[in-house]
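Enquirer: Pasted the sequence and its predicted model underneath.
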Amino acid sequence: MSDTDPDRLSHFAAIRARAQAEMQAIGVTADFIPLLVDTFYGRVRVHPELGPVFGGRLQGRWPEHMEKMNRFWSAVAFKDGGYAGKPVMAHQGVAGMTPPLFQTWLGLFSATLDDIAPSPEAKAWFMATAERIAKSLVLSLFYNPADDDPALKRA
């Protein structure tokens with residue numbers, strides 16, 4: 001199947017239409033994405049724990065990161081195909097990044113949604129999505145299968 005196959009194009013159009021309808025039902029428009037990204041990352045930059053980690057990685061590249069995060073969240077919410085990055089690779093080797101920082105990140109994300117989400121349903125949707133993303137990143141970046149070895153747990 002090629003990228004121009006009518007069945008494939010129809011399939012992707014249906015996915016985008018369902019995502020658009022789901023977002024509309026919870027009060028999320030395309031304008032919400034830059035509001036979320038700008039508000040959240042504005043808070044990240046001044047956060048005492050997150051700010052130094054993000055700043056160390058993104059020094060001089062914040063505009064590009066913000067553009068990428070707008071594409072990312074738009075692709076996640078609206079299935080518009082605007083993001084083609086590799087989040088795990090992007091987060092590898094970030095100085096100071098630890099698993100507990102992901103909980104801090106989620107807490108700040110939740111507080112941001114408390115302030116700006118258009119509905120409780122929108123907050124719930126974005127939080128559930130962010131929690132899945134955080135869990136996936138933590139597992140990908142920090143999981144060691146040996147930690148689950150029963151022989152090691154008995155020792």
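Expert: In hand now; what should we look at?
Enquirer: okay, CA-based contacts and neighbour counts for the rest of this
Expert: Will do.
Enquirer: Now the phi/psi pair for K79, please.
Expert: Torsion angles at K79 (phi, psi; degrees, to the nearest 10) stand at phi 50, psi 40.
Enquirer: Could you check how far the residue nearest to it when sequence neighbours are not counted is from A25?
Expert: Closest residue to K79 apart from its sequence neighbours, by Cα to Cα, 6 or more residues apart in numbering: R16 at 5.2 Å. Computed as Cα to Cα, to the nearest Å, the R16 to A25 distance reads 14 Å.
Enquirer: higher neighbour count, those two?
Expert: The residue with more neighbours, out of R16 and A25, is R16; 18 against 13, by other Cα atoms under 10 Å.
Enquirer: Which residue is the nearest non-sequential neighbour of P118?
Expert: P118 sits nearest to G27 (Cα to Cα, 6+ apart), 5.6 Å away.
Enquirer: in terms of contact, does that neighbour touch K123 like I think?
Expert: No. Counting by Cα atoms under 8 Å, G27 stays clear of K123, with 10.2 Å between them.
Enquirer: Name the residues that touch stretch 136-152?
Expert: P87, V88, H91, Q92, P99, F102, K153 (Cα atoms under 8 Å, 6 or more residues apart in numbering).
Enquirer: Which of those residues are buried, as a ChimeraX select command?
Expert: Buried subset of the contacts of stretch 136-152, written as a ChimeraX selection, criterion 16 or more other Cα atoms under 10 Å:
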select :102
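Enquirer: okay if I get the contacts of stretch 136-152 as CSV plus secondary structure and pLDDT?
Expert: Listed next are the contacts of stretch 136-152 as CSV, based on DSSP: H, G, I helix; E, B strand; the rest coil; pLDDT from 0 to 100:
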residue, secondary structure, pLDDT
P87, helix, 84
V88, helix, 84
H91, helix, 87
Q92, coil, 86
P99, helix, 94
F102, helix, 96
K153, helix, 61
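Enquirer: Of all pairs in the contacts of stretch 136-152, which one is the farthest apart?
Expert: Using Cα to Cα, the pair of the contacts of stretch 136-152 lying farthest apart is P87 and K153, separated by 31.2 Å.
Enquirer: still on that earlier bit, just how off-centre is the host helix or strand of the residue nearest to K79 within its chain?
Expert: Using DSSP states H and E, R16 maps to helix 6-25. Offset of helix 6-25 from its chain centre (Cα atoms, centre = their mean, to the nearest Å): 20 Å.
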